[in-house]
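S.K.: Structural data only, the sequence is not supplied:
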Ligand SMILES: [Zn+2]
């Protein structure tokens, strides 16, 4: 009874055993997976993967990731609009700003990041879609652009890396925070303080697979580092402990939060 709100299930790392991973995830109670795009050239593959599975249900999210900014073309914004007109995706993502990576922090690239973020946000507003945000060391600029555009469709700040004040600002702007494998790491102090400070209604969970493997699965085999949507219960378990909720309570709340954040009306097999 879980929704993985952020997974790159379409990528090459899953090519050889995608059917098995989908079955494992479903067996672990993962009933839906938001499959998040990053480069336009992979959108067709992403959409075709999403059509191949019903259990779990795969939800396509299309967009242009800020970390790949040098590769994006203006014509791809028109392609994105075409997909929105065809109703091919449930949300736009992952989009946002990143000044953590040195190369894309340079003015010409950062300006292009801001342009692509603003234009994709405008499309989301026009087509009333939520957004999946990727933001690292750029929260203030993201707030500025969201406010300038009076964007009110909400969405998810994936792999949230900010502090408590920033978390509260996102909540006020109608966003949920995506909590991933980092919550299973005791040394992630800042994230733990955010999780403690925020109401559970502001949180959703994600794997970001194949990246960000949760602690218990890393310990199993240090050489094997591919994350999987089937590991989502590890994230849920850590969050349930932190918020002192039973797994069942947490599942129901997160299901509701995820549906709200992604404008979905999904029914779970359990509730
Ligand atoms: Zn991602």
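M.R.: Cool, the structure landed. Since this is a predicted model, take the numbers as computed values, not measurements. Numbers count the residues shown, from 1 in each chain.
S.K.: Show me what residue 134 is bridged to.
M.R.: According to DSSP bridges, the partner residues bridging residue 134 are residue 96.
S.K.: How about the contacts made by it?
M.R.: 65, 66, 67, 93, 94, 95, 96, 98, 158, 159 (CB atoms under 8 Å, 6 or more residues apart in numbering). (Each C-beta comes from the backbone N, C-alpha and C, glycine too.)
S.K.: would you turn those into a markdown table with secondary structure?
M.R.: Compiled in a markdown table, those are given as follows (DSSP: H, G, I helix; E, B strand; the rest coil):
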| residue | secondary structure |
| --- | --- |
| 65 | coil |
| 66 | helix |
| 67 | helix |
| 93 | strand |
| 94 | strand |
| 95 | strand |
| 96 | strand |
| 98 | strand |
| 158 | coil |
| 159 | coil |
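S.K.: measure stretch 156-167 end to end?
M.R.: With CA to CA, to the nearest Å as the measure, the first residue of stretch 156-167 is 11 Å from its last.
S.K.: no no, stretch 34-46
M.R.: Between the opening and closing residues of stretch 34-46 lies a distance of 11 Å (CA to CA).
S.K.: Equivalent analysis for stretch 155-163, please.
M.R.: Counting by CA to CA, you get 18 Å between the two ends of stretch 155-163.
S.K.: re the thing from before, would you reformat the contacts of residue 134 as JSON lines and include pLDDT, neighbour count and distance to residue 135?
M.R.: Putting these into JSON lines (pLDDT from 0 to 100; neighbours: other CB atoms under 10 Å; distance: CB to CB, whole Å) gives the following:
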{"residue": "65", "pLDDT": "97", "neighbour count": "21", "distance to residue 135": "12"}
{"residue": "66", "pLDDT": "97", "neighbour count": "29", "distance to residue 135": "8"}
{"residue": "67", "pLDDT": "96", "neighbour count": "18", "distance to residue 135": "11"}
{"residue": "93", "pLDDT": "97", "neighbour count": "30", "distance to residue 135": "11"}
{"residue": "94", "pLDDT": "97", "neighbour count": "29", "distance to residue 135": "9"}
{"residue": "95", "pLDDT": "98", "neighbour count": "31", "distance to residue 135": "9"}
{"residue": "96", "pLDDT": "98", "neighbour count": "27", "distance to residue 135": "4"}
{"residue": "98", "pLDDT": "96", "neighbour count": "20", "distance to residue 135": "7"}
{"residue": "158", "pLDDT": "97", "neighbour count": "26", "distance to residue 135": "8"}
{"residue": "159", "pLDDT": "96", "neighbour count": "22", "distance to residue 135": "9"}
